[in-house]
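**Q** any chance you can model this:
(one chain, ligands or ions: 1)
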Amino acid sequence: MDMNIVLLPGDGIGPEITEQAVAVLKKVADKFGHNVTLTEELIGGCAIDATGKPLPQETVDACKKADAVFLGAVGGPKWDNLDGATRPEAGLLGIRKELGLFANLRPAKLFPELSSACFLRPDIVENGIDVMVVRELTGGIYFGQPQGQEVRDGIRYGYNTMVYNEDEVRRIARTAFEAAMKRDKRVCSVDKANVLEVSRLWRAVVEEVAAEYPEVELSHMYVDNAAMQLVRDPNQFDVVVTGNLFGDILSDEAAVITGSIGMLPSASLNKSGSGLFEPIHGSAPDIAGQNKANPLASILSMAMMLRHSFNLIKEANAIEDAVQKVLREGYRTGDIMSDGGTLVGCNTMGNLVVERL
Ligand code: NAD
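**A** All right, here's what the predicted structure looks like:
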C-alpha cells in the first residue's frame, strides 16, 4: 500500500518522539511491503518562529492532500505570553477544524506490565485495562447555538445549547461500531436520556445504527453511572461512545486511571476516514531535548494510524506487540519507572521497539 503522510513534529519533545515513531513506521513498512512518503510541515511554536503564524497555509494544504497526519505536540513557555489566535495551541485547533475531524478515539490502555502505576486497586487491574472512548468532537454543547450571556430583568444569565442532529449522531455511532468491529465487538453508548431530550434522540439514533452491526453488542449507560463504573470496573467496557461534553470528561478520567500519560495515543477522524494521530500528552518542555521523553504514546499513535486510516490491522498489532515485549523485558523511561526496571532514554526505547519488530 502507498501511504502519503504529513508529519507535524511541533515543539518541545514533539520532534524527538516523532523521530522514534517514524523509525517504527519505516520498519513496519519494510517488513510488510508498504511504501511510505513522508512530508514534514510546521505547526505551533516552531511555525510562529518561522512564519509568524501557528498554522501556515502551506501546512493546511499539505495536510488536506495527505492520507493521514501525524502530530508530536505543540506549545511551550516561549510562546506563553502570546494571546488567543496567535498561540501555538491555535494551530492545533485550526488543523482539527480544517480537516473536519468529528471523531476523537482515545484508548485508555494499561499494559499489565505497568499495573503498579495505575491508581486503581491491584485486583481490579491485574489483567490491565483496555477501554476505547469515542468522543464526538465538533458538535454538542460546545458549539450549539444559541449561546451567550445577557441581562434579563437585572439578572445576568449565561447559556449554552446542547444540540445534535441525527446525522451527527449517526456518523459518530458508526465510527464507534467500526472501532468495536476491530476490538471486542461491544459498544456502550453514554448519555443522560433520563433528563435530556438531546440524549433521547442520541439513544434512538444509536439504536438505529446498531441494527447495521448485528455482531456488535450495544448497551446504554447514564453518564453519572459511567463515571463511577469507569473507576469501579473499567474492563466491563470495550468501546464507549458519547457526545462532546461527556466525552471530554470521561476520556480524561479513563486516561488518568492508567497512571501513564506517556503511554496514551489518540486518533481524530474525519468522514473520509483520514485523520490526525497524536499522543494525548503535551510538549513536556521540562524534559525536552534531554532524551528523557517516553516515545511509546507516539509509537502507539502510529499503530492507531495504520489501524484506523489504512485498515492495516496486522501491522498495527505488530507495533503494539513489540511495545508490550519491550515493557515485559523491563525497559522503562523515567515516567514509567514506578516498579523499577531498566531505565532507558527516548532513543533507546524507540530502538528497542524497532528491534522487537
Ligand atoms: P504535558 O503533557 O506536556 O506534561 C505534563 C507532565 O507530564 C510533565 O511533567 C511532562 O514532563 C510529563 N510528560 C508528558 N509527556 C511525557 C512523555 N512522553 N514522557 C515523559 N514524560 C512526559 O502537559 P503540560 O505541562 O500541561 O503542558 C506543556 C505544554 O504542552 C503547554 O504549552 C501546553 O499548552 C502544551 N500541550 C499541548 C498538547 C498537544 O500538543 N496536544 C496537549 C497538552 C498540552
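**Q** regarding the spatially most central residue of the chain, what is its secondary structure?
**A** Nearest to the centroid of the C-alpha atoms of the chain, with distances taken as CA atoms, centre = their mean, sits residue 266, at 1.8 Å. Classification of residue 266 by DSSP: H, G, I helix; E, B strand; the rest coil places it in strand.
**Q** pLDDT below threshold where in the stretch 51-200 of the chain?
**A** Of all residues in the stretch 51-200 of the chain, none has pLDDT under 70.
**Q** centre of the chain to the biggest helix by length in the chain, how far?
**A** Longest helix in the chain, counting residues (DSSP state H): helix 14-32. Distance of helix 14-32 from the chain centroid (CA atoms, centre = their mean, to the nearest Å) equals 18 Å.
**Q** for the protein, what lies in contact range of the ligand?
**A** Residues of the chain lying near the ligand by CB under 6 Å from any ligand atom: 13, 17, 73-76, 89, 92, 261-262, 278, 281-287, 293-294, 297, 335. In short, each C-beta sits where N, CA and C put it, glycine included.
**Q** domain ranges for this structure?
**A** Domains of the chain are assigned by automatic domain parsing as 1-102+261-357, 119-257.
**Q** returning to that earlier point: quick check: PyMOL command selecting the buried ones in the residues of the chain next to the ligand.
**A** Only the buried members of the residues of the chain next to the ligand end up in this PyMOL selection, burial being decided by 16 or more other CB atoms under 10 Å:
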select buried, resi 13+17+73+74+75+76+89+92+261+262+278+281+282+283+284+285+287+293+294+297+335
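**Q** of the residues of the chain next to the ligand, which belong to strands?
**A** Per DSSP state E, strands hold the following members of these: 73, 278.
**Q** out of the residues of the chain next to the ligand, which sit inside helices?
**A** The helices, defined by DSSP H, take in 17, 89, 92, 297 from the residues of the chain next to the ligand.
**Q** just give the closest residue to residue 158, not the sequence neighbours.
**A** Setting aside the residues directly before and after it, residue 158 is nearest to residue 149 in space (CB to CB, 6 or more residues apart in numbering), at 4.7 Å.
**Q** now do the SS call for that neighbour.
**A** Counting by three-state DSSP, the backbone at residue 149 sits in strand.
**Q** in the stretch 51-200 of the chain, what residue is nearest the ligand?
**A** Across the stretch 51-200 of the chain, no residue is closer to the ligand than residue 75, which sits at 2.6 Å (CB to the nearest ligand atom).
**Q** for residue 326, give me the pLDDT.
**A** Predicted confidence (pLDDT) for residue 326: 97.
**Q** which ones are touching it?
**A** Contact analysis of residue 326 by CB atoms under 8 Å, 6 or more residues apart in numbering lists 349, 352, 353, 356.
**Q** of those residues, closest to the ligand?
**A** Of the contacts of residue 326, the one sitting nearest to the ligand (CB to the nearest ligand atom) turns out to be residue 349, at 9.6 Å.
**Q** settle this for me: the closest one is touching residue 298, isn't it.
**A** No. At 10.3 Å, residue 349 does not count as touching residue 298 under the criterion of CB atoms under 8 Å.
**Q** what residue in the stretch 201-350 of the chain comes nearest to the ligand?
**A** For the stretch 201-350 of the chain, CB to the nearest ligand atom, closest residue to the ligand: residue 282, 2.4 Å.
**Q** dihedrals phi and psi, that residue?
**A** phi -90, psi -160 (degrees, to the nearest 10).
**Q** and what of residue 136?
**A** phi -70, psi 130.
**Q** show me what it is bridged to.
**A** residue 103 (DSSP bridges).
**Q** equivalent analysis for residue 3, please.
**A** residue 36.
**Q** now do it against the ligand, distance only.
**A** In this view, residue 3 and the ligand are 23 Å apart by CB to the nearest ligand atom, to the nearest Å.
**Q** next up, the contacts around that residue.
**A** Contacts of residue 3 (CB under 8 Å, 6+ apart): 29, 34, 35, 36, 37, 67, 68, 310.
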